[in-house]
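*Asks:* Using only what follows, build the 3D model:
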Amino acid sequence: MPDVVSTSPLPPTDRAEYWHTLVSGTFIPLDVALHEREPSAGTIASRRLGPLQISVVEAGPQTVSRSERRIAQGGAEYLTVTLHQRGTARLTQDGRQALVRPGTFTCSDAGRPYRREQPDDFRFTAFRVPKQGLGVSEDDLRAVTGTLFSGSCGTSGLVAGYLARLAEQAGDFDPYTGHQLALTTADLLAVLVRERRGLLDPQAPEAARGMLARVKEYVLCHLGDPGLSPQRIAAAHHVSVRYLHKLFRSDGTTVGRWIHRERLERCRRELSRPPGATVPVSAVAQRWGFVSPSHFSRAFRTAYGMSPRQWQADARTRNGPDPDAA
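*Replies:* Residues are numbered from 1 along each chain as shown. So this is what the prediction gives:
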């Protein structure tokens, strides 16, 4: 469960001071000015994935600022990436201003002063990332502060989509997996920084890991397409098929083997659902890209030691649904 803190139990007259304590305690030392005579309730729900902190913030109009005095109090080692979901905002840092709206995101460096004005009721998801894990310089980071990133296209769209899904599913991961996903987050942000600076080397380790994460995300979105192939995947990401195979070799597998495994796993989960949700085996196989029923049956038996129908029948007699089936 996330750690949830809120000012809702307090009368409006007592909320401002407590909200300042909550904001600074959750993130970094900040100044907070609320713009309502009777402040609305504010809520922060936070989780940790390894070194990454994910916080969903909902509150009324306000301005938060990071001054030199607050920087001296600590927290300069963090970068905050903020996915905006409701309301508008204006982020000012390093002499630039970003006008924020839902579906976009910004980066703010806690090592230098900044100001974030929220004139409306708002909701955003903030990711506090240790800068040391990014492997980029302070000068490089200046290329992404005070600027707006689209959440719908290009590398920034990939980063936004990854972060949004990570926030939604953060409670489902064991500590090891969560830590690995936090490292992937750092790799993707490093790619974004280097791309904005014009320094992206596609052979650099962090760029390769970021590209592999992007490719896997694409594959998972197209698993049900039986025509999914290395050629199509490579073309969709503007890389050569050879480079695509190199990415998966670095992960200890091949493109085809990884796709095959992911398809089988999703079929297994569907076939493990309780009786009320039972669907025909052939429909499950087709949904996840298997064209030949006989090929699917053989592959499933090799992977799980029994036929798909046996697995489904056995699931009906188990005590409760498979915990991985959700």
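
*Asks:* List the buried residues for the one helix or strand R165 maps to?
*Replies:* Using DSSP states H and E, R165 sits in helix 154-169. Residues of helix 154-169 classed as buried: 155-156, 158-160, 162-163, 166-167 (neighbour count, 16 or more other CB atoms under 10 Å). Just so you know, the C-beta spots here come from the backbone N, C-alpha and C atoms, and that holds for glycine as well.

*Asks:* Go through those and say which is closest to L22.
*Replies:* A167 (19.0 Å; CB to CB).

*Asks:* For F127, see how far away the closest one is.
*Replies:* 8 Å (CB to CB, to the nearest Å).

*Asks:* Kindly report the same for G25.
*Replies:* 17 Å.

*Asks:* distance between the ends of stretch 243-263?
*Replies:* 23 Å (CA to CA, to the nearest Å).

*Asks:* Next: stretch 288-298.
*Replies:* 15 Å.

*Asks:* Let me know the average pLDDT across it.
*Replies:* Taken as a whole, stretch 288-298 has an average pLDDT of 93.

*Asks:* Please point out which parts of that stretch sit buried.
*Replies:* Buried residues in stretch 288-298 (16+ other CB under 10 Å): 288-290, 296-297.

*Asks:* how about the helices of the stretch 51-200 of the chain, start to end?
*Replies:* Applying DSSP state H, counting those that start in this stretch to the stretch 51-200 of the chain gives helices spanning 68-72, 138-141, 154-169, 175-197.

*Asks:* hmm, who's touching the third one?
*Replies:* The reference is to helix 154-169. 49, 54, 56, 81, 83, 105, 125, 127, 149-152, 181, 184-185, 188-189, 191-192, 195, 213-214, 217 (CB atoms under 8 Å, 6 or more residues apart in numbering).

*Asks:* go on, the first one?
*Replies:* By CB under 8 Å, 6+ apart, the residues outside helix 68-72 that reach it are 28-31, 110-113.

*Asks:* Which entries within these meet the buried criterion?
*Replies:* Neighbour-count burial (16+ other CB under 10 Å) applied to the contacts of helix 68-72 gives 28-30, 110-113.

*Asks:* For G25 and F127, work out which one has more neighbours and name it.
*Replies:* F127 (24 against 11; other CB atoms under 10 Å).

*Asks:* circling back to that earlier point, closest to D225 among the buried residues of helix 154-169?
*Replies:* L158 (19.4 Å).

*Asks:* pLDDT weak spots in the stretch 151-300 of the chain?
*Replies:* Low-confidence segments of the stretch 151-300 of the chain, defined by pLDDT under 70: 198-207, 274-278.

*Asks:* give me the number of residues near L271?
*Replies:* L271, neighbours per other CB under 10 Å, totals 24.

*Asks:* My guess is it contacts V284. True?
*Replies:* Yes: using CB atoms under 8 Å, L271 makes contact with V284 at a distance of 6.1 Å.

*Asks:* Might you report the residue contacts of P293?
*Replies:* 281-282, 285.

*Asks:* Could you rerun that using 6 Å?
*Replies:* S282 (CB atoms under 6 Å, 6 or more residues apart in numbering).

*Asks:* same question, V193
*Replies:* Applying CB under 6 Å, 6+ apart, the residues near V193 are 136, 140, 144.

*Asks:* now M306: how far from S297?
*Replies:* 10 Å.
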